[in-house]
Every structure is written in structure tokens, then in C-alpha cells.
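Colleague: build me a model:
(chains A and B)
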Amino acid sequence: MLLKRLSEAFGPSGYEGEVRDLLTQELETCVSNWRRDALGNLIAVKTGTRGPKVMLAAHMDECGLMISFIDKSGLLRFRKVGGLDDRILVSKHVVIGSKRVAGVIGAKAIHLQKPAERNQVISLNDLYIDIGAKSKEEAEKMVKLGDYAVFATEFGYLSDTAVKGKSFDDRAGCAVLAEVLREDYAFTLYGAFTVQEEIGLRGAGVAAYALEPDFAVVLEGTTCNDVPGSEEHGYSTTMGGGPAITVMDASVVSDRRLVGELERLARENNIPVQYKRSITGGSDAGRINQTKGGIPVVVVSVPCRYIHSPVSMLSLRDFDHTIQLIKLFLRSVEGGFML
Amino acid sequence: MKELIKQVVECYGPAGNEKAIRELITSLVSPFVDEIRTDSLGNLIALKRGGEKKVMFAAHMDEIGVIVTHVDKHGFLRFYPVGGIAPLTMLGNRIVFADGTTGVVGCEKLEAQKDLTLNKMFIDIGASTKEEAEAKVRIGDLGAVSREFVDLGQRLVSKAMDARIACAILIEALKTVTNPAADIYAVFTTQEELGLRGARVAAYSVSPDVGIALDVTRTGDTPTSITMDVSLGKGPAVKIRDSSVLCTPAVRRFMEQVAKDNNIPYQLEVLETGGTDAGAIQLTQGGIPAGVMSIPCRYIHTASEMVDYADVLHGVKLVKALMETRYTG
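Modeller: Numbering: from 1, shown residues only, chains lettered A, B, ... in the order given. Below is the predicted model:
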């Protein structure tokens, strides 16, 4: 399953090569023309003969860690790459570099903690990755400064429809985009797998600048907050509620005509959809929208619980419905839908 | 001019849904310009021809507002702010939606007044059930503050003076300008309150030789106010800086010179916080010289923003004069 392989691929922001290679191989037979730009964005170009130029974008990068210091005892200090929560780091398995050196994020055992320490979040400065090396020299044979680490999480089924895995934000979007690219369309379609979204939407802007699409759809794995402790009016999306359409987030106001067309298609084809009901957080859409003279854009997301953590969860029904909705949208563009 | 101001400030147009205000302004300026178009972000771009150089004037037509994020089973709407809204200013406000549906802002029971936050507030549109509410308002709909214009004589009060007063000034200047010294691009921008988004893309497509934003600014002339040397009634302000921009010195000097040459009183403005469209225009493409004329305004981002009428009239004169004077950089 492509989602499994994408989820398990190593690709923190700035080091997306493994995801890029995986996608290039996977889509070898359906995409003849690839572009790779200076920032590392991978763009599948499917040239059409009529209609508008459409960009679909999903980001390949994930949140991770970067090794910032190796101390005498062979323990590795690190910094965060992207918006990870300090509280979820301790005691996690990680892999470092594309050779996947295994490590654990260590901390003092509960027996050794002072009572006051037990009530505190362990600061990033007090955490380290232990790769079992006994000295700096030994550690340096396995890792070097600037190497990235990501969580060592395996993909798995929790039920027939619920799956768990690493970095569904935004490998779920990448998987949706890959499925959509397997088909051919009459208009020109750019499938942009972008880089460095998690550290400031950096890839998408330059991709949009070079491509100049007439409009764009950003595919995301977005927050889902339908869990105990949050009020119903604070839910962002609901798992199982269908693809989530963003009307507005911190970076963009989606084009109302695109929102309307997606809604119409969902309604007429009995695909459940929901609005994303939180406005916080940005997306590649913000940068695309602000490129050159302005590019109309909309965001469609697969709801994912627990994103920006070692393990996220999604419903395969939502995932399949998202693919179905995007394909219907592209057929609608083929049939004459224009802005 | 007061009739024009009333019409423009009272119109609905929160950031992200500027359709109604755009249509109103289109009808008001069309007779006075050579070309008019709307771009993909909803900016209204009007051109009045006058010379080989291009001067862009930008006034944002969006206003702060709210977006509906949830409808509960009793028909109450939860919302998120669109632009900078202080919870303190929201209680008792009336909110209007695009189709005219109106509601009032209420709040959950609080232990203490300092616990007031926007996520404890809701909009009551008089519905008793979710179904009844959803027949009128849906998640994602944008609401704006509803409040009528009041003429206090010398001082004018309304919601959305920020920056509709600048829109009104730009409209009036387009009406009265007789001999423009450049191609004048009058741009009524969108989504300023969300991060200068309309102006950024408009400046890219217009690609002007110089850009001048028209907006409101804060004042330091009320009891225990911030320390700021701008007051109501001392004329429009020529901006030096705010959080988004250091105005291009040549543009600032040009604006000051034009004001002096035309005997228009003006003040200099140093604004500590807040941004304007000029910040986005200046950083577009390879960089565009940019300046700002601000109308001093009290109680910004509340339902009752106050400006001085003489400042407004002097503002029209200054914009008209800027349009009629060649910018030599």
C-alpha cells in the first residue's frame, strides 16, 4: 500500500529525497515528465491540450529533529525541525539519517526524579538521543552533526478502516495526489510534491511561481480534534466525517467558487464532506495564493488525529473519499468548470 | 461627502467576502475611470489614464469580522475572529451576515471578567434549533459588525472607518482629479486585515513605479492614551514607519512637499504597532517605492471608530494633489 510506504519513508523538512524517490518510482508509468526545482520540489507535469492549468500540491516533508551536538558520553543533543510538541518527545524511538541508525530519546527514570521534576515538562535542553554509543568517537562513526532524526513508527491497521502511522501530515495528501496522477486528463495538470512546508511553507511558493497555474488545490492531512477534553464547538474536523474543506485558515481564504464546486460534486455523488472548523495553522495554500498576481486556491484535507506526534491516525474511508472527490473535481474541470 | 462616507462605511465587507463593498465602489467610481477590473483575490483595480508612469493608490475595503465555526443544537453560533478583534469590544455587538441575517454576541458564564475570551462567546441569531440556524447561516459564513454611521458635526463615527474612510477619500479624489500626472491605479484592496494579502498580489500585477497606501492610524489624544504624536483635526498624517514598513524617504518627502505646496496641513506619523498595504507593496517584485497617507482615527477595531471631518477633506485634497503632481523620485 502506497500510504504505508509513504508514511514510513524518511523525509523531514529539507531532506525529502527518500519520499521524492519513492514517488518518482511509484508513478514511473503514469508520469512521463518530471521537474525538480532548486528547492527540491518534485513536480509531475501532465500536459493537456485544452482548458486551464491546474496545480495540485501536497507536501512531502514531515516534522523531525536535527542533531545539534554530540557530547563526550556519546549522547546526541538535538533541535526540532517543525512544530513538534516538547511534551511528546521523551521516551520515543527514533531513527537517524537515511541509514536509519536507531536511537531512543532518553530522560531520567521516575525513581531518580525529584518530586518537583515529576510535575514539569522536560525541556528540550534536558533531552538527548541515546544510540548506545559509549563515547563521542563511537557516536561519530554512526551519526554526524546536522543529521536528521524522525520517529520510528510503523504503519498498521487498528481496524478495517482505521490506520495509524507516522506523518500522515502530509503523506496522506501525497498518497491522494499520487492516486489522482495515475489517471490522464485533457487539461494541463501539475502535481507538485512540495518541500519545507513544516518550516514555513517554503517550497510551495516557488513552485507556484514557476508553474503559474490558473488555480490550485492543496491536499493536506489536517488536525482532527473529536476526542475527549475538547468541546464540540472546538472540534477541528471529525474522523470519518469525510474530506474536510478549508474555508479559511491562518494563511489563506479559500476561493469560494472552488469551495462551492467541491461541495456540489460531493452532494451530487453522495460523498460526505465537512468544513474544517478551526482557523489556526497555515498551509501551502497561503503561499500559492499570494504568488505573482494572485492564484485562487482551496484546501482539501484528510482528517488526521494526533498530527505532529510520533503516531497519527486516519480513516481509510475519509482517505478514499478524498481521492474520489478530487478525481470528480478534475473531471469537472475537464468538462468545462472554470473560474 | 458625508453621504458618500455613510454609504461606504456602513456597507458589509469582512475580509474574505468583499463582494458587496466591491460592487458598491464599482458603481461609485466607474463613471470617473478609464478601465476597471477585479483580480483573482477580489481586488478592485481602477485605472485613470494620465501619463507614462504608473502610480498606485491602495485603500483596503475589507473590515474586521468573524467566521462561523460551529452551530450548536440550540442554534447558537461559535466563531473565530477575522482580523484583530479584542474580546472586550465584542459583547453586545450586533453581527450581520452577507444576506442581512443579524445576531447579537453573547457569552458563557464567567468566573471573572478577565476570563473573557472569544471562544467563550457566541452569536445568537434568534434561532432555537440547529436546523433553524442553519437555514440562515452556515459554517464558514463571514459576519461583520453592524453599526450605523453617526455625524457628530466635526467628528464622524462608524464601524469600519478602518479603512473605508480611505476608500471614500480615494473615490472622492478620483471624482475631482482633473489633470492626473501619471496613470493612476486606484486599487481597493482585499484581506488587508488578514495580512496585507490583496495589496501584495495587486502590486505584482499593476507593477507601479510608486505605491501610496491610504489607511487610518492611531492617535495619542485621548485620556491616558498611548504616547503618539498624532491627533484628530491636525490634518492627514504622512507615515514614516509602522510594523510593516519604513516608508521610502523619497516618497515621504514627495508627499510632504505636495502638502506644503498646496497649503494642506499634515502631521508626521510614527506608528509603533500595526501594518498597512504599503508594507506589502514595497516588497513586491524587485521593490517598489512606497508611502502612506493616514487619517487619524480613535477607537480603531471597535464598532465606533472616530475621525475628524476636516482631516478627511484635507485628505481628499492631498490625494488629488498627489495624483496631479509628477513623482520624480
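
Colleague: going forward, measure contacts and count neighbours with C-alpha atoms only.
Modeller: Will do.

Colleague: spell out which residues of chain B are next to chain A.
Modeller: Taking C-alpha under 8 Å from any C-alpha of the partner chain, the part of chain B that reaches chain A is made up of B:16, B:39-41, B:69-72, B:78, B:80, B:139-140, B:197, B:200-205.

Colleague: look up the closest residue to the residue in the stretch 151-300 of chain A positioned nearest to chain B, ignoring the ones flanking it.
Modeller: Taking C-alpha to the nearest C-alpha as the measure, the stretch 151-300 of chain A has residue A:293 as its residue closest to chain B, at 4.4 Å. Nearest residue to residue A:293, sequence neighbours excluded (C-alpha to C-alpha, 6 or more residues apart in numbering or on different chains): residue B:201, at 4.4 Å.

Colleague: check residue B:102 too.
Modeller: Using C-alpha to C-alpha, 6+ apart, the closest residue to residue B:102 is residue B:96 (4.4 Å).

Colleague: for that neighbour, which residues make a bridge with it?
Modeller: For residue B:96, the beta-bridge partners under DSSP bridges are residue B:102, residue B:144.

Colleague: show me how chain A divides into domains.
Modeller: Domain assignment of chain A by automatic domain parsing yields the ranges A:2-62+A:166-334, A:64-151.

Colleague: any idea which of the ones you listed is most buried?
Modeller: Each of these was assessed for mean neighbour count using mean count of other C-alpha atoms under 10 Å in any protein chain shown. The highest is domain A:2-62+A:166-334, with a mean of 22.

Colleague: can you list the residues of chain A near chain B?
Modeller: Residues of chain A found near chain B (C-alpha under 8 Å from any C-alpha) are A:233, A:247-248, A:253, A:275, A:277-279, A:290-296.

Colleague: now do the contacts for the residue nearest to residue A:293.
Modeller: Counting by C-alpha atoms under 8 Å, 6 or more residues apart in numbering or on different chains, residue B:201 touches A:290, A:291, A:292, A:293, A:294, B:41.

Colleague: switch to 10 Å and redo it
Modeller: Applying C-alpha atoms under 10 Å, 6 or more residues apart in numbering or on different chains to residue B:201 gives the contacts A:289-295, B:39-41, B:43, B:189, B:207, B:280-281, B:284-285.

Colleague: so which strand or helix has it?
Modeller: helix B:197-206 (DSSP states H and E).

Colleague: and for residue B:178?
Modeller: Going by DSSP H and E, residue B:178 is not in any helix or strand.

Colleague: surely it and residue B:322 touch.
Modeller: No. Applying C-alpha atoms under 10 Å as the test, residue B:178 and residue B:322 come out as separate, 11.9 Å apart.

Colleague: which of those two has more neighbours?
Modeller: residue B:322 (24 against 13; other C-alpha atoms under 10 Å in any protein chain shown).

Colleague: which residues of the stretch 151-300 of chain A score low on pLDDT?
Modeller: Counting by pLDDT under 70, the stretch 151-300 of chain A shows low-confidence ranges at A:234-235.

Colleague: so where do the strands sit in it?
Modeller: Taking DSSP state E, counting those that start in this stretch to define them, one finds strands in the stretch 151-300 of chain A at A:156-157, A:162-165, A:188-194, A:215-224, A:244-246, A:274-275, A:297-305.

Colleague: that older thread, okay, the domains of chain A in CSV with distance to residue B:53 next?
Modeller: Formatted as CSV, these follow (distance: least, C-alpha to C-alpha, whole Å):
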stretch, distance to residue B:53
domain A:2-62+A:166-334, 20
domain A:64-151, 44
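
Colleague: can you tell me which of those is nearest to residue B:255?
Modeller: Closest to residue B:255 of the domains of chain A is domain A:2-62+A:166-334 (C-alpha to C-alpha; 27.4 Å).

Colleague: give the contact list for residue 258.
Modeller: By default, I'm working from chain A. Residues near residue A:258 by C-alpha under 10 Å, 6+ apart: A:215-217, A:245, A:247, A:264, A:296-299, A:329, A:337-339.

Colleague: you answered for a different chain; I wanted chain B.
Modeller: B:252, B:264, B:318, B:319, B:321, B:322, B:324, B:325, B:326, B:327.

Colleague: distance of it from residue B:52?
Modeller: Note on residue B:258: its distance to residue B:52, by C-alpha to C-alpha, to the nearest Å, is 20 Å.

Colleague: and the residue in chain B that chain A sits nearest to, how close does it get to residue A:288?
Modeller: Residue nearest to chain A within chain B (C-alpha to the nearest C-alpha): residue B:201, separated by 4.4 Å. Per C-alpha to C-alpha, residue B:201 is found 11 Å from residue A:288.

Colleague: between these two, what contacts are shared?
Modeller: A:294, A:295.

Colleague: so what's the residue nearest to residue A:148 when sequence neighbours are not counted bridging to?
Modeller: Of all residues not flanking residue A:148 in the chain, residue A:66 sits nearest, at 4.4 Å (C-alpha to C-alpha, 6+ apart). Residues in a beta bridge with residue A:66, per DSSP bridges, are residue A:79, residue A:148.

Colleague: excluding its backbone neighbours, what's nearest residue A:308?
Modeller: Residue A:308 sits nearest to residue A:84 (C-alpha to C-alpha, 6+ apart), 5.6 Å away.

Colleague: likewise for residue A:35?
Modeller: That would be residue A:43: by C-alpha to C-alpha, 6+ apart, it lies 4.9 Å from residue A:35.

Colleague: got the angle between the strand or helix carrying that neighbour and strand A:188-194?
Modeller: Assigned by DSSP H and E, residue A:43 belongs to strand A:42-46. Using axes from the mean of the first three to the mean of the last three C-alpha atoms, to 10 degrees, the direction of strand A:42-46 lies 170 degrees away from that of strand A:188-194.

Colleague: the helix or strand just after strand A:42-46: how far from the chain's middle?
Modeller: Note on strand A:42-46: by DSSP H and E, the next helix or strand toward the C-terminus is strand A:53-59. Put simply, strand A:53-59 sits 14 Å off its chain's centre (C-alpha atoms, centre = their mean, to the nearest Å).

Colleague: show me what strand A:53-59 is packed up against.
Modeller: When contacts are defined as 3 or more C-alpha pairs under 10 Å, 6 or more residues apart in numbering or on different chains; DSSP states H and E, strand A:53-59 sits against strand A:42-46, helix A:168-181, strand A:188-194, helix A:202-211, strand A:215-224, helix A:284-289, strand A:297-305, helix A:316-334.

Colleague: go again using 6 Å as the cut-off
Modeller: For strand A:53-59, the elements it packs on are helix A:168-181, strand A:188-194, strand A:215-224, judged by 3 or more C-alpha pairs under 6 Å, 6 or more residues apart in numbering or on different chains; DSSP states H and E.
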